[in-house]
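Undergrad: Test case, fold it:
(2 chains, ligands or ions: 2)
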Protein chains: 2
Amino acid sequence: MSEKKDLQDCVEELRRERAQCSFDVEELTNIFDGGKELTARRREIERLICSDPAFKDEVPPEYLSHEDLYTNKVRKVTHLMRKLAEHNISLREATITEVQSLLRDGNPLGVHSSMFANALASLANPKQQQQWVPLAEKNRIIGTYAQTEIGHGTFVRGLETTAIFDPETKEFVLHSPTITSTKWWPGGLGKTANAAIVMAQLYTQGKCYGPHPFFVQLRDFDTHCSLPGVILGEIGPRLGINSQDNGYLRFDHYRIPRTNMLMRHSQVLEDGSYVKPIHNKLSYGTMVWTRVAIVHNCSKKLACAVTIATRYSAVRHQSELMPGKPEPQILEYQTQQYKLLPHIASVFAILFSASSVLRMQRIVAASISKGNVELLPELHILSCAMKALSSQDSTQGIETCRLACGGHGYIASSGLPSLYTSTTCTITYEGENTVLLLQVARYLIKSYRAGLKGLPVLPSVMYLTAPPAMHQSPPLSNQALIEAFRISSANLVKETESRLCRQFNLEQNFYYAWNHCSVALVHCAELHSRYYMCEKFLSTVESIRASDRVRSVLQDLCRLYLIHHTTLNQGHFLRSGTLSGADLSTLEEEMYELLAKLRPQAVPLVDAFDFQDELLGSTLGAWDGRVYERLYEEAQKSPLNKTDVSKAYHKYLQPLMKSNL
Amino acid sequence: MSEKKDLQDCVEELRRERAQCSFDVEELTNIFDGGKELTARRREIERLICSDPAFKDEVPPEYLSHEDLYTNKVRKVTHLMRKLAEHNISLREATITEVQSLLRDGNPLGVHSSMFANALASLANPKQQQQWVPLAEKNRIIGTYAQTEIGHGTFVRGLETTAIFDPETKEFVLHSPTITSTKWWPGGLGKTANAAIVMAQLYTQGKCYGPHPFFVQLRDFDTHCSLPGVILGEIGPRLGINSQDNGYLRFDHYRIPRTNMLMRHSQVLEDGSYVKPIHNKLSYGTMVWTRVAIVHNCSKKLACAVTIATRYSAVRHQSELMPGKPEPQILEYQTQQYKLLPHIASVFAILFSASSVLRMQRIVAASISKGNVELLPELHILSCAMKALSSQDSTQGIETCRLACGGHGYIASSGLPSLYTSTTCTITYEGENTVLLLQVARYLIKSYRAGLKGLPVLPSVMYLTAPPAMHQSPPLSNQALIEAFRISSANLVKETESRLCRQFNLEQNFYYAWNHCSVALVHCAELHSRYYMCEKFLSTVESIRASDRVRSVLQDLCRLYLIHHTTLNQGHFLRSGTLSGADLSTLEEEMYELLAKLRPQAVPLVDAFDFQDELLGSTLGAWDGRVYERLYEEAQKSPLNKTDVSKAYHKYLQPLMKSNL
Ligand SMILES: Cc1cc2nc3c(=O)[nH]c(=O)nc-3n(C[C@H](O)[C@H](O)[C@H](O)COP(=O)(O)OP(=O)(O)OC[C@H]3O[C@@H](n4cnc5c(N)ncnc54)[C@H](O)[C@@H]3O)c2cc1C
Ligand SMILES: Cc1cc2nc3c(=O)[nH]c(=O)nc-3n(C[C@H](O)[C@H](O)[C@H](O)COP(=O)(O)OP(=O)(O)OC[C@H]3O[C@@H](n4cnc5c(N)ncnc54)[C@H](O)[C@@H]3O)c2cc1C
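TA: Ligands and ions are numbered 1, 2, ... in the order given. The predicted structure follows:
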């Protein structure tokens, strides 16, 4: 390891695992980070942060009350901001590192430094940016992004908060007319933010123009007191990310200047007249960026989870493989390999898809700057597809890793519970997955129908009607599997489209017919998205610049990924006639061989993710494998363990035990 | 509703849903409870408990520190024990009710009143029972069940705690020789219990006889101080059930009388000689009982989750079905119906399988009393299979329900997070699922091989080699689907057995071959178990004594369940040739029709589960559907909302914001 960790410091099991490594771990780390320089810079920043005792908790946060949890997190995040600033590290740069994990379980400034900053950059006009961006960067303004209402999430047009232009005073009057119009969820809104970008229905000259963004001050910039007309607070505890003070917000005829409407795209002039945006879809840009960031983050979270579970599985001995022989490392069990290795592969699949969407975004941005917006929908749809798939895959993968650690995976100190609770919410926010997949499906059906009519369709969906000439790929080769994916996906879209037509003939209403087919449509979107992910994994591995040994282990992971997802989707392959039962048996057999082949590389592979112990924060996953000692030491920190007899005994237990009931 | 709830009290959406009910809700409630009398008694007890203000929390537990959470739970559970005793309600009887949900998220006396009590009853001899059972019933002794060690869970023979008989003093010396021998996990062990049944390796006359149970006093019965030689504490926070004070325990040459060994099955005599048990498998009884209790509890937990998500889906309006039309109830979306209705069906499938295992247990007990233990393995395997499947199904079902509520499902006050965190651990304890499924698989392979040789096999697995003569069932009828399940399962077992033989020929080692096939073997076990569950659901519905209307809605649910699991397992059906792609399309179409047909019954169906609001504990799922008001009111309880400006602001935020960094 480049960090020059001494193999003597780790338990024998891990020493043996590391000794059998077939590739250069550091090289794979560079690939994971996106380059040698990024690895170096990441390590530099992480070293700076990890060495700072202010980030260590004497009492782990899980023991704290909700309020103390928040206070402690504010302490940490403000210290982090200060520290980064002192060392001239921008927040954007810090995202290449894992220092965010220090703030695991949510962060009251998270939305401020991501969504709020992005929204300002993309929705405010240059003058507004001049006014607010420097203040936000200096943390004079701490902002949040307030779109969702208690009654309105997915359907933005349904928002009820109103912003009515008053030409008299040249102000907007913000108001929350109903309980369902209460803003609900924004991160940091409860106690931390003093401003927000608020989405509200814009009314001017008696007409409603739909939801528009406004910059709204919520608290006094000096005293931090909430301003008159602003009612806010936090929404209470959640499954996870409990120190993020997600909040609620109501307006009581609250006035803001006209110039607080974010006017980059649309405007309201002094006389109240409305100027509409030039292009409708330009705001897709931020959404794509945010979704790609989620995808990227999902792969990191999953990487943490497989690191923990894989190292633990190498240290843990349990049960018998051969009667009478010593208990084997549980990593020897094929079922255990099957729980872990496909998710190690998945980390790369998700990461490489994120990169491919980013590359495409750069191409699209370039063509937009030349006035060409043709590729925008394709980019949008791909980002929906990848966000849906990767949030699902990483959530399920993390949960599988947690369960693969048996009882110990359920303990907070394993780090797995908070990985799960902070990842599962990506299924819901930034576009609820079912809703996103239905958008993907709509695009598939539209493109399929266009293709049938001979109209031009975009590259990623051409295969639906014009399957590329069958390669002469050897049967069951990677290329053959990708082709089989393509044919099965095209087949499913075709069948679903016929179902849609049949249903339309019955109901004579497109929307009812659409709804009647929506479960099938979601399956279409999933299969297409999976095909895309497989294809990106394969093409990245085929073109990657790497040594033979690194390429070889990546090829094995890619092959495992392809076969695994082929078997998971076997129904579609069988129904499209692209694979037979015998083919599937052959593939299964190869998968079992691959599990055995990759098993000795499992620990080196997760070592390559290169998570510092302090950032991984896991008793089960630390580099040295001292699992049981750490579990025991962590337990000693429980405040309940400070006294032998608890106060609950004296107050409640003793009276019961002695009552002779 | 028999509780004479007034429809006027609920929101209009739910009023409409309830008006379109096609069956007698009360009748279905009786079926769910197991009889009219049980419903009545359950309601009586629940009324008593729910009306008691001591069970209401001013500050919801999620806001408390770990320590306060524990103290508050001890307060509640001791109050509950007292209250039940005052009204002569046994704990056993209380389990028919949902009063346990008051103690949601774990209960420090949970293991005392279940596993400890059961273990005493089944492992102690009559004299020992006389000595300890009355004390336990009076709560003078509060016990736990300490088997798992930090290094040893699944593999009980690997336990390291030793109990060495000292013939001099006629005592056992308990000792924890290593860190891995530390007892770890027992519920209530940390701070609550003063005694435990401890599993330890029994040594006498220089020989080890394997793990045996001992009754061990841990704390002084008067002062509650831990006794010299006993080192214990709690293991720290977990994903859920955080007020259960799961603990750790070490012994330092701790002495207990010889007569503290639980001697119902084996004994150590005064001279140290060991007397072995008459029958090895008799202790299966408790395990079966515990697993059936888990299965039953899983169906209740899942029923809670679908109640919450279904009512919420009837109240929630979101997005557009028809452009320009008002936002529909989300229950109108087929994708939403698909998320919920199969899990409503699943509640019954799990419940009916639990009943069928219980019925079988009674038969087996009767035949054991006549000296016939032949059916015991079958009972054991069925209980493994049902525990594995139902813990998995309910966990996934609860999570699907949570996600189906969008963002609000992530809020603690929805009740869904704690349902999830308290159910997922059933996958791990009382036999980790993978391990259980491999046991089922072993039984399947053994029975298949026996069947091939013409040896007798037990009823549930006869189909593997002697498929019953094809009924003349109409194609795709319920009977035909069950037959298809049977044939596919037999086919999968056959193929896996050949794979096992092939592998054995390669490796010449049965255990390596077994491991190489273990992923496939788990699939065999899952398919067989699913077949069993489908079969039990169908046969129960076919023979149920119920009105036509109730039977009809149960038949629809059962049909939905069968088709749903057929489509989920389509690969197996296609590969066995029992169903074609066209058959599957037909079934899918029927499934979509069934979703539409059952949709109007969704709310009445969950009403039939008859959870009192106080016990359901959900802002989203309360009977009256006042979702948004409740969410808002709950948020007001946050301690952070007691002041406008938090102390974190003054201490940490303000300095950062004004620092001009
Ligand atoms: C942890 C977390 C942080 C958040 N942070 C912020 C924030 O900072 N700022 C902010 O503004 N918001 C935030 N949100 C809110 C988030 O954006 C919404 O929760 C999300 O958009 C989903 O909307 P919803 O909750 O209204 O779900 P709903 O849309 O109500 O979904 C409920 C169910 O209805 C289904 N459904 C809805 N529409 C359709 C349809 N057309 N077709 C089929 N099915 C449909 C869904 O599939 C789902 O099953 C946050 C949420 C969470 C959980
Ligand atoms: C909430 C909770 C409460 C508990 N309460 C109690 C209690 O009151 N008293 C008590 O004594 N214990 C208790 N336990 C402990 C529980 O019984 C164990 O966690 C459980 O038996 C699983 O064992 P393990 O944790 O050692 O998992 P392991 O056996 O270490 O499992 C880890 C992984 O190894 C795999 N594995 C293990 N053996 C095999 C094999 N032979 N073949 C293939 N794969 C294998 C598993 O599938 C899993 O993926 C509790 C646990 C929890 C989570």
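
Undergrad: Got phi/psi on the residue in chain A positioned nearest to ligand 1?
TA: Using Cβ to the nearest ligand atom, the closest approach of chain A to ligand 1 is made by A:Gly153 at 1.8 Å. The way it works is simple: take the backbone N, C-alpha and C, and place the C-beta from them, glycine included. With angles defined as degrees, to the nearest 10, A:Gly153 sits at phi -120, psi -80.

Undergrad: That one - how many residues pack around it?
TA: Residues near A:Gly153, counting by other Cβ atoms under 10 Å in any protein chain shown, number 23.

Undergrad: Check A:Tyr338 too.
TA: Using other Cβ under 10 Å, the number of residues around A:Tyr338 comes to 21.

Undergrad: Secondary structure class of the residue nearest to it when sequence neighbours are not counted, three-state.
TA: Leaving aside its chain neighbours, A:Tyr338 sits nearest to B:Val519 (4.8 Å; criterion: Cβ to Cβ, 6 or more residues apart in numbering or on different chains). Three-state assignment for B:Val519 (DSSP: H, G, I helix; E, B strand; the rest coil): helix.

Undergrad: Surely B:Val519 touches A:Thr335?
TA: Yes. Counting by Cβ atoms under 8 Å, B:Val519 does reach A:Thr335; the two are 5.8 Å apart.

Undergrad: the more surrounded of the two?
TA: B:Val519 (21 against 18).

Undergrad: ok, that one to A:Tyr333 distance?
TA: Distance from B:Val519 to A:Tyr333, counting by Cβ to Cβ, to the nearest Å: 10 Å.

Undergrad: Please give me every residue in contact with the residue of the stretch 1-150 of chain A found nearest ligand 2.
TA: Distance from ligand 2 to each residue of the stretch 1-150 of chain A (Cβ to the nearest ligand atom) is smallest for A:Glu13, at 14.1 Å. Each residue near A:Glu13 by Cβ atoms under 8 Å, 6 or more residues apart in numbering or on different chains is listed here: A:314-315, A:329, A:625.

Undergrad: so how far is the first residue of stretch A:573-582 from its last?
TA: Across stretch A:573-582, the terminal residues are separated by 12 Å (Cα to Cα, to the nearest Å).

Undergrad: what's the average pLDDT for that stretch?
TA: Averaged over stretch A:573-582, pLDDT sits at 97.

Undergrad: Contacts made by it with the rest, please.
TA: A:483-484, A:487-488, A:491-492, A:566, A:570, A:584, A:587, B:570-571, B:574-575, B:581, B:584.

Undergrad: Return only those of the residues you listed found close to ligand 1.
TA: Counting by Cβ under 6 Å from any ligand atom, nothing from the contacts of stretch A:573-582 sits close to ligand 1.

Undergrad: Which of those fall in helices?
TA: Taking DSSP state H as the definition of helices, the contacts of stretch A:573-582 contribute A:483-484, A:487-488, A:491-492, A:566, A:570, A:584, A:587, B:570-571, B:574-575, B:581, B:584.

Undergrad: from the contacts of stretch A:573-582, which single one is nearest A:Ala385?
TA: Checking the contacts of stretch A:573-582 against A:Ala385 by Cβ to Cβ gives A:Leu492 as the nearest, at 14.8 Å.

Undergrad: The closest one: what's it in contact with?
TA: Under the criterion of Cβ under 8 Å, 6+ apart, the neighbours of A:Leu492 are A:520, A:523-524, A:527, A:572, A:576.

Undergrad: Can you pick out the most distant pair from those residues?
TA: Every pair of the contacts of A:Leu492 checked by Cβ to Cβ; the farthest is A:Ala520 and A:Ser576, at 14.4 Å.

Undergrad: Quick one: classify the nearest residue to A:Glu234 once chain neighbours are set aside as helix, strand or coil.
TA: Counting by Cβ to Cβ, 6+ apart, A:Glu234 lies nearest to A:Gly190, which is 2.8 Å off, once chain neighbours are set aside. Under the three-state scheme (three-state DSSP), A:Gly190 adopts coil.

Undergrad: wait, doesn't A:Gly190 sit right on A:Leu249?
TA: No. Using Cβ under 8 Å, A:Gly190 is not in contact with A:Leu249, being 9.1 Å away.

Undergrad: what residues are shared contacts of these two?
TA: Both A:Gly190 and A:Leu249 are contacted by A:Leu232, under the criterion Cβ under 8 Å, 6+ apart.

Undergrad: secondary structure class for A:Ser391?
TA: Three-state call for A:Ser391 (three-state DSSP): helix.

Undergrad: if you skip the residues just before and after it, what's nearest to it?
TA: Nearest non-adjacent residue to A:Ser391, counting by Cβ to Cβ, 6+ apart: A:Thr426, 4.0 Å away.

Undergrad: how much space between the one you found and chain B?
TA: 11 Å (Cβ to the nearest Cβ, to the nearest Å).

Undergrad: Likewise for A:Glu149?
TA: Per Cβ to the nearest Cβ, A:Glu149 is found 10 Å from chain B.
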